[in-house]
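Sequence first, then the predicted structure, then my questions.
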Amino acid sequence: NPLGLPPNTFRVRTNDGLAPNGKDYNYAEYDTATLVEGTTDIYDVYKSGSDFARLLRDSTNLIEVLGANTNGVTSIDSMFLYCSALSSIPLFDTTSVTSFEGTFNGCKSLTSVPAYDTSKVTIMRLSFKDCSSLSSIPWFDTSKVTNIEMMLSNCSNISSVPLYDTSNVVNMGGMLENCTSLTSLPLFDTSNVTHINAAFNSCVNVQSGALALYQQASTQTNPPSNHYYTFKDCGKDTQTGSAELAQIPSDWKE
């Protein structure tokens, strides 16, 4: 909280000088938005309690978050859902957060995200879906996460992803679907995964990693029961990737 903001407060900038407009359509769930003295486009957004889900949802005039005091906040589900003009986000306190579902889903102008503390998070489903301007993604502590379904789907500008701890993940469906700039797949732990369908679908520029993931998942004690489209078109636009793809059975690609 470098700006010294009061509890439960985000300081944000809008592109039209008006308060975040998600509230106008009953999508955003903040309590108040107060224009900061001496400014024409900066607001302090406040919400009571520890649940910040949908705080600024659908605020299409939101362009920047300047700072926040989120000490004690436990949920940030869909907090910036469909904030399509949001291009800058700072690090804020997530040490108490347990759910990170859809937090930045649809933030297509966001170019980078900090390495938030996700050590207590159990759900990261849809967290960065459709963040098509992200060029990289940091490592997050996912040791308690059970669901990463579509976590990074349609992040078409990301060329690599860290080896996240997926040892407790059950649902990996669509995790990296349509990540068309991705060049390799880490060997994620799939030992508890039951749903891996479409996880790497259309990752057309992957050069390596798909075959190793298939071999691991298909031969583990309990192979994923849902694996349709898992590797559909994965690596098809590269020489080594297409060679790996040819070795994966059709029922993992269709």
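Good, I have the coordinates. Residues are numbered from 1 along each chain as shown.

which SSE is Val65 in?
Here Val65 is covered by strand 62-69, with elements defined by DSSP states H and E.

List the contacts of whatever helix or strand comes next after that strand.
Downstream of strand 62-69, the next assigned helix or strand under DSSP H and E is helix 210-219. Outside helix 210-219, the residues within contact range by Cβ atoms under 8 Å, 6 or more residues apart in numbering are 185, 187-188, 190, 193, 196, 200, 203, 223-224, 227, 230-231, 234-235, 241, 244-245, 247-249, 252. For glycine as for every other residue, the C-beta is placed from the backbone atoms N, C-alpha and C.

Do you know the pLDDT at the residue nearest the centre of the chain?
In the chain, the residue lying closest to the centroid (Cα atoms, centre = their mean) is Phe128, at 2.3 Å. Phe128 carries a pLDDT value of 98.

Then Ser191?
Ser191 is given a pLDDT of 98.

tally of neighbours for it?
14 (other Cβ atoms under 10 Å).

My understanding was that it contacts Asp165; is that so?
No. Ser191 is beyond contact range of Asp165, at 11.6 Å (criterion: Cβ atoms under 8 Å).

Name the residues contacting each of these two.
Joint contacts of Ser191 and Asp165 (Cβ under 8 Å, 6+ apart) do not exist.

who's in contact with Lys232?
Lys232 touches Ala198, Asn201, Ser202, Lys253, Glu254, counting by Cβ under 8 Å, 6+ apart.

likewise Glu177?
So Glu177 contacts Met150, Ser153, Asn154, Ala198, Ala199, Phe200, Asn201, Ser202, Cys203 (Cβ under 8 Å, 6+ apart).

Spell out which residues sit in contact with the third one, please.
By Cβ under 8 Å, 6+ apart, the residues touching Asn154 are Lys129, Asp130, Cys131, Ser132, Glu177, Asn178, Cys179.
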